[in-house]
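Peer 1: I would like to see how this sequence folds:
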Amino acid sequence: MNNIKKIKIPLVMFGMGYIFWLGGTLIRSIIAFSVFEPSATQTLVRQVSNDILMQSVYLYSATSSYTIPSYFLAIIGAIILLVKLKEYFKKNGWLLMCFILFFATLPLNLISAYFDIRLSIEVFWNWRWEFYNPFITKYFLDRITSPIWNSLGGISFLANLSIIFLAIFQPLKK
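Peer 2: Presented below is the predicted three-dimensional model:
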């Protein structure tokens, strides 16, 4: 990787987008699970008004306004880097593993981004401010309480953390 100047811009695009997206995803998870009792994810916080529950949904939706564009910036940077760095994959196994993990989690993250956009449309444009509204339930509550989405989201998050680990320690480097 002697010719770093050719990949500097896409590397910055990927790095900045990826960092903001990954950090925002963690923050959004904390916000989303704040509507549940600490002991269980299936029990909503007791004796809380609709406005307090919707405030969590509002914050969750508002934070998607910077995590989704950041993720798309990371995708663009990753595609450019994939094209420019494909000759380095044989000598740098860690680099290949990073790309495999990133693109393997891409479909799930794009589906999540779609649901986040739909939730944001319902909250900000259609002025849905009832926590048990069918749209809020579909795009927020059902997704947060679903064991499948929680499992896949957790695996995706761990895979993306593994990318950082691989980039730092660079295993399988010849």
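Peer 1: C-alpha from now on. contacts and neighbour counts both.
Peer 2: Noted.
Peer 1: which one is the residue positioned nearest the centre of the chain nearest to, not counting chain neighbours?
Peer 2: Residue closest to the mean C-alpha point of the chain, counted by Cα atoms, centre = their mean, is residue 25 at 4.7 Å. The shortest distance from residue 25 to any residue that is not its chain neighbour, by Cα to Cα, 6 or more residues apart in numbering, is 7.1 Å, and that residue is residue 67.
Peer 1: ok now the helix or strand harbouring that neighbour, how far from the chain's centre?
Peer 2: Following DSSP states H and E, one finds residue 67 within helix 50-85. The chain centroid and the centroid of helix 50-85 are separated by 6 Å, computed with Cα atoms, centre = their mean, to the nearest Å.
Peer 1: buried residues in the helix or strand just after that helix?
Peer 2: Under the assignment DSSP H and E, the closest C-terminal helix or strand after helix 50-85 is helix 93-120. Going by neighbour count (16 or more other Cα atoms under 10 Å), the buried part of helix 93-120 is 93-99, 101-102, 105, 109, 112-113, 115-120.
Peer 1: residues in contact with residue 16?
Peer 2: 70, 74 (Cα atoms under 8 Å, 6 or more residues apart in numbering).
Peer 1: what packs against the helix or strand of the chain with the lowest mean pLDDT?
Peer 2: In the chain, the helix or strand scored least confidently by mean pLDDT, DSSP states H and E is helix 142-145, which has a mean of 88. Contacts of helix 142-145 with other secondary structure elements, assessed using 3 or more Cα pairs under 8 Å, 6 or more residues apart in numbering; DSSP states H and E, are made with helix 147-169.
Peer 1: can you do 10 Å?
Peer 2: Packed against helix 142-145 by the contact rule (3 or more Cα pairs under 10 Å, 6 or more residues apart in numbering; DSSP states H and E) you find helix 134-136, helix 147-169.
Peer 1: the last one - contacts with which helices or strands?
Peer 2: In terms of contact count using 3+ Cα pairs under 10 Å, 6+ apart, helix 147-169 is assigned the packing partners helix 8-32, helix 93-120, helix 142-145.
Peer 1: nice, that's everything, thank you.
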